[in-house]
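Enquirer: Attaching a predicted model along with its sequence, questions to come.
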Amino acid sequence: MDPVRNPYAPGAGQRPPQLAGRERETTTFDVVLERVAHNRPERSLLLTGLRGVGKTVLLNALRSQAIGRLWGTGKLEARPDQSIRRPVAAALHMAIREIAPRHRDPDRVDAFLGVLKAFALKASTGPRDRWQPGIDVPATKGRADSGDIEIDLTELFLDAASVATDLGVGIALFVDEMQDVEPADISAVCAACHELSQQDAPLLVVGAGLPHLPAVLSTSKSYSERLFSYVRIDRLDRDAADAALCVPAEREGVTFEPEALDALYEASGGYPYFVQAYGKATWDSAATDPITAGDVRMAAPQADSELAVGFFGSRYERATPAERDYMRAMATLGDDAVPTSDVAVTLDRKPASLSPARDALIKKGLVYAAERGLVAFTVPHFGRFLRGQPT
């Protein structure tokens, strides 16, 4: 097939040509937006799942829905060991800029921007830090500038919501990699969302993170499970995976034989990133229409090689030798969550001696604590990749 016409798009956060299997989530979010527009109480939303299931893609799709409803939106990506003060300030600045042209009182908008600037400037790390938030109004004193992130974030969110209320819309703040938000900051986010819900203020936090994100939140605030609606994002079922492949191909006048779709689902496991990766390689390998199971078999080594380098290998290379030993031991025990005690037995080590390696892998986002005493890979098929590596 003509590679220029190849419709598939494997990439980090890159929207596929057909967003299949996520209709329930997008419909639910439409209801949330509509309820908020009618002054109905709603909880913020959290998407959780493994890497490669399309959380970032879905997060961006939900943001597009909010923009379509004329909401103010901003997005940030959390990073380990980084305060969220500056990223939140930038995201809310973006959100307010989206709705400000429709506001009838420019002074009211400027008043909020002054609060936002005061909040942002508290991120300064010292006299040599000359960072400025790029807001052309004086910083307001006495609001969102106490230096206590919990107090400041709550006041900032309430003021942003108030500006949106003037227009009969809301603010949606989209946070990717939310499990990496620092403990003090995640506690502040929970406290701010708690206050927003009590005042029916139209500001939603829509987060995406790894499967242990709910545990991160509950550790910071015991009431966090009541603040958010949790949505588990998993691999696609067979019908959705077929649609992700067939609909884009049909737009190009190409079809798949049923056996080819069988082979592609077996290879990809229904994980959206893998569906795109194997679909792209198969398209490039196929010579004629329809695409056959033979085409899939011919293309699979190329897809496997690209995944081994870009998707699996890049993560494996981030691990130290001790961390790689820990992951290889996990891989020998299977692809599901494994007991940390079994990892210790496999390595002939005491469990306590392996805690530094496990904790470092969790911090790097390579494994997560599925339950107490259990660990699992954050990346689907990672165990299979490791079992194929030379020891």
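Expert: Sure thing, it's come through. Small disclaimer: the values here were computed from a predicted structure and weren't measured. Numbering: from 1, shown residues only.
Enquirer: so where's the chain shaky on pLDDT?
Expert: Within the chain, the ranges that satisfy pLDDT under 70 run 124-131.
Enquirer: Could you break it into its assigned domains?
Expert: Domain ranges of the chain: 23-232, 238-315, 319-387, per automatic domain parsing.
Enquirer: Include distance to Q14 and mean neighbour count when you put the ones you listed into JSON lines, please.
Expert: Just so you know, the C-beta spots here come from the backbone N, C-alpha and C atoms, and that holds for glycine as well. As requested, those are exported to JSON lines (distance: least, CB to CB, whole Å; neighbours: other CB atoms under 10 Å):
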{"stretch": "domain 23-232", "distance to Q14": "7", "mean neighbour count": "18"}
{"stretch": "domain 238-315", "distance to Q14": "8", "mean neighbour count": "19"}
{"stretch": "domain 319-387", "distance to Q14": "17", "mean neighbour count": "17"}
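Enquirer: Columns distance to R15 on top of those domains, output as JSON lines?
Expert: As requested, the domains of the chain are exported to JSON lines (distance: least, CB to CB, whole Å):
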{"stretch": "domain 23-232", "distance to R15": "5"}
{"stretch": "domain 238-315", "distance to R15": "10"}
{"stretch": "domain 319-387", "distance to R15": "20"}
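Enquirer: out of those, nearest to G11?
Expert: When the domains of the chain are compared by CB to CB, domain 238-315 sits nearest G11, at 7.8 Å.
Enquirer: Looking at this protein, name the residue that lies furthest from the middle.
Expert: T288 (37.4 Å; CA atoms, centre = their mean).
Enquirer: would it count as being in a strand?
Expert: No: under the criterion used here (DSSP: H, G, I helix; E, B strand; the rest coil), T288 is coil, not part of a strand.
Enquirer: circling back to that earlier point, between the domains of the chain, which one is closest to R5.
Expert: For the domains of the chain, proximity to R5 was assessed by CB to CB; domain 238-315 is nearest, at 5.2 Å.
Enquirer: how much distance is there from the closest one to the middle of the chain?
Expert: 24 Å (CA atoms, centre = their mean, to the nearest Å).
Enquirer: any idea what S146 is structurally, helix, strand or coil?
Expert: Assignment for S146 (three-state DSSP): coil.
Enquirer: Equivalent analysis for L173, please.
Expert: strand.
Enquirer: what bridges to it?
Expert: Listed beta-bridge partners, L173: G74, V205 (assigned using DSSP bridges).
Enquirer: how far away is it from A89?
Expert: L173 sits 11 Å away from A89, going by CB to CB, to the nearest Å.
Enquirer: quick one, strands of the stretch 201-350 of the chain?
Expert: Secondary structure of the stretch 201-350 of the chain (DSSP state E, counting those that start in this stretch): strands at 203-209, 228-232, 338-339.
Enquirer: Next, format those as TSV and append distance to Q82.
Expert: Shown next, in TSV, are the strands of the stretch 201-350 of the chain (distance: least, CB to CB, whole Å):
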stretch	distance to Q82
strand 203-209	15
strand 228-232	22
strand 338-339	31
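Enquirer: L92 is in contact with A161, isn't it?
Expert: No: between L92 and A161 there is no contact under CB atoms under 8 Å: 10.5 Å.
Enquirer: Now the common contact residues for these two.
Expert: I171 (CB atoms under 8 Å, 6 or more residues apart in numbering).
Enquirer: out of the domains of the chain, nearest to V4?
Expert: Among these, the nearest to V4 by CB to CB is domain 238-315 (10.5 Å).
Enquirer: Span of that closest one from start to end?
Expert: 28 Å (CA to CA, to the nearest Å).
Enquirer: List the residues that contact the closest residue in space to R43 that isn't next to it in sequence.
Expert: Nearest residue to R43 in three dimensions, chain neighbours excluded: S229, at 4.9 Å (CB to CB, 6 or more residues apart in numbering). Counting by CB under 8 Å, 6+ apart, S229 touches 43-46.
Enquirer: so which of those comes closest to K117?
Expert: Checking the contacts of S229 one by one against K117 (CB to CB), the nearest turns out to be S44, at 24.9 Å.
Enquirer: Report the beta-bridge partner residues of the closest one.
Expert: With DSSP bridges applied, S44 shows beta-bridge pairing to F228.
Enquirer: Enumerate every residue touching W283.
Expert: 1, 3, 6-8, 249, 254, 291.
Enquirer: meant to ask about P290, not that
Expert: With CB under 8 Å, 6+ apart, P290 has these contacts: 254-257, 260.
Enquirer: Same question for I362.
Expert: 368-369, 375.
Enquirer: What's the separation between it and A188?
Expert: Distance from I362 to A188, by CB to CB: 22 Å.
Enquirer: swap in V254?
Expert: V254 is 51 Å from A188, by CB to CB.
Enquirer: again, but for A123
Expert: Counting by CB to CB, the gap from A123 to A188 is 13 Å.
Enquirer: ok, now which ones touch Q302?
Expert: Neighbouring residues of Q302 by CB under 8 Å, 6+ apart: 281, 284-285.
Enquirer: What distance do you get for it to P380?
Expert: With distances taken as CB to CB, Q302 is found 19 Å from P380.
Enquirer: before we move on, what about W283?
Expert: As for W283, its distance to P380 is 22 Å (criterion: CB to CB).
Enquirer: likewise R24?
Expert: 21 Å.
Enquirer: Could you do K350 as well?
Expert: K350 is 30 Å from P380, by CB to CB.
Enquirer: Repeat that for P248.
Expert: 22 Å.
Enquirer: do the same with S64
Expert: Distance from S64 to P380, by CB to CB: 26 Å.
Enquirer: try E98
Expert: E98 is 35 Å from P380, by CB to CB.
Enquirer: With T27 instead?
Expert: Distance from T27 to P380, by CB to CB: 26 Å.
Enquirer: As TSV, the contacts of Q302 with distance to T219 would be great.
Expert: Conversion of the contacts of Q302 to TSV gives the following (distance: CB to CB, whole Å):
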residue	distance to T219
A281	41
D284	46
S285	47
